[in-house]
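**Student:** kindly return the folded structure for what I paste below:
(one chain, ligands or ions: 1)
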Amino acid sequence: MSMFENSVAVITGGATLIGAELAKAFVAEGARVAILDLDADNGARLADELGPSALFIETDITEDDQLKAAVERTAEQFGQIDHLVNLACSYIDEGVESSRGDWLKALDINLVSAVMAAKLCRPFIQQSAAGAIVNFTSISAQAAQTGRWIYPASKAAMKHLTRSMALDFAADGIRVNSVSPGWTWSRVIGEVSGGDREKADRVAAPFHMLGRLGDAQEVAQVVLFLCSPKASFVTGADYAVDGGYSALGPEQQEPAIPKLAE
Ligand SMILES: NC(=O)c1ccc[n+]([C@@H]2O[C@H](COP(=O)([O-])OP(=O)(O)OC[C@H]3O[C@@H](n4cnc5c(N)ncnc54)[C@H](O)[C@@H]3O)[C@@H](O)[C@H]2O)c1
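**Tutor:** I've put the predicted structure just below:
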C-alpha cells in the first residue's frame, strides 16, 4: 500500500512550482490533494494533469469566506482532511521602505492565513489517525538579508507559530512541523536568473554546502516525510532542506585560519 493511500492533503499556494511538485508527490503516494491558490490558470492545469485525485479551488486565502468554503468543499468532495501544508507566500518586501500596507498584506498571506487555514482544517484533521500540518518557512527566517525586512520576519514568525500550534494541537493528535528550504529552483529564481539553472547553481554554490540550488522534489520529499507515520514522534520541529546553508558559518567553505599567515 502507498504511504498516503486514503489520505487527503490541503495545500495552499499549490499552483506554484514547489507546490505543484508537492501535490504530484502526494498523489504519487496515493493521496488526494486540494490545491488552494489564486492562480486559476496554473491551478486548473495542475488539477487536469493529476486527474480525479486532485481538486483545484481558486481561493484567496486572505478572505475568510473563501478559505472556509474551500476547506468545506474539500471535506465534502473527499470525505476527510488529514494534512494541511501552508505553502502560499508573498515576496512583497521593500525593506525599510515598506509601507504599513505592504507589511499587513504580506503578513496576512504568509502568517495570518496559515493560522486561519489551520483553524478551519483542525476539526477535520482531528478525526484523522495520522493528522499533520507542515508550515513553509525559509532560510531567511534566521539570517539578516539586506533590503528584506518583511519576508524574513514573516518566516521567523511562522517558525515560532509552528511550535505554538504543535503544543496546542498535540492533544488532538495533530503533529505540526515546518520546513525551511534554501534556494530552490522555483518560479521566482527562474524569473530572476532568466531561466538559467547553471547560473543560479553557480551563484548559490558558495553559501550552500552542496554547491547548488535545491529542487522542488527534494523539498516535497521532506514534507511527505513529516506528514507520514515515519515521523510519528516529530512535532514542533523545523527541518532545513537547504543543502547545508544554515549549517555554514561566515567563513563559508574557505579555510580561514591560513589567511592569518598571508
Ligand atoms: N523559492 C525559494 O527558493 C524558496 C526558498 C525558501 C522558502 N520558500 C518558500 O516556499 C514556498 C513556495 O515558494 P515559491 O517561491 O514557489 O513561491 P511562489 O511565489 O512561486 O508561489 C506562491 C504561491 O502562493 C500563491 N498565493 C499568493 N497569495 C495568495 C493568496 N492570497 N491566496 C492564495 N494563494 C496565494 C501564489 O499564487 C503562488 O502560486 C513559500 O512559502 C516560500 O516562502 C521558497
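**Student:** contacts only, for residue 207.
**Tutor:** Contact analysis of residue 207 by CB atoms under 8 Å, 6 or more residues apart in numbering lists 245, 248, 252. Yep, even glycine has a C-beta here, placed from its N, CA and C like the rest.
**Student:** can you lay out those residues as CSV showing pLDDT and neighbour count?
**Tutor:** Formatted as CSV, the entries for these read as follows, by pLDDT from 0 to 100; neighbours: other CB atoms under 10 Å:
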residue, pLDDT, neighbour count
245, 98, 21
248, 96, 15
252, 88, 10
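**Student:** near the ligand, which residues of the stretch 101-250 of the chain?
**Tutor:** Proximity of the stretch 101-250 of the chain to the ligand is confined to 109, 136, 138, 181, 183, 184, 186, 187, 188, 189 under the rule CB under 6 Å from any ligand atom.
**Student:** shaky segments in this structure?
**Tutor:** In the prediction, the chain carries residues with pLDDT under 70 at positions 1.
**Student:** can you map out the strands along it?
**Tutor:** Ranges of strands in the chain, per DSSP state E, are 8-12, 32-37, 54-58, 83-86, 132-136, 175-181, 238-241.
**Student:** got the contact list for the fourth one?
**Tutor:** The set of residues that contact strand 83-86 without belonging to it, under CB under 8 Å, 6+ apart, is 7-12, 14, 22, 26, 31, 113-114, 117-118, 121, 125, 131-136, 158, 223, 227.
**Student:** try it again at 6 Å.
**Tutor:** Outside of strand 83-86, the residues within contact range by CB atoms under 6 Å, 6 or more residues apart in numbering are 9, 10, 11, 12, 114, 117, 121, 132, 133, 134, 135, 227.
**Student:** turn these into TSV, columns for distance to residue 102 and neighbour count.
**Tutor:** Supplementary listing: the contacts of strand 83-86 in TSV, determined by distance: CB to CB, whole Å; neighbours: other CB atoms under 10 Å:
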residue	distance to residue 102	neighbour count
9	31	29
10	27	28
11	25	27
12	20	25
114	18	27
117	22	25
121	28	23
132	32	27
133	27	27
134	26	26
135	22	28
227	32	27
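**Student:** could I get those as TSV with distance to residue 94?
**Tutor:** Written out in TSV, the entries for the contacts of strand 83-86 read as follows (distance: CB to CB, whole Å):
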residue	distance to residue 94
9	34
10	31
11	28
12	24
114	22
117	26
121	32
132	35
133	31
134	29
135	25
227	35
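**Student:** which parts of the stretch 101-250 of the chain are helices?
**Tutor:** All helices of the stretch 101-250 of the chain, identified by DSSP state H, counting those that start in this stretch, fall at 113-125, 150-169, 187-192, 197-204, 216-227.
**Student:** mind putting the residues of the stretch 101-250 of the chain next to the ligand in CSV, distance to residue 219 and neighbour count included?
**Tutor:** Formatted as CSV, these follow (distance: CB to CB, whole Å; neighbours: other CB under 10 Å):
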residue, distance to residue 219, neighbour count
109, 19, 22
136, 9, 24
138, 11, 25
181, 5, 25
183, 11, 21
184, 6, 24
186, 9, 21
187, 14, 14
188, 14, 15
189, 13, 18
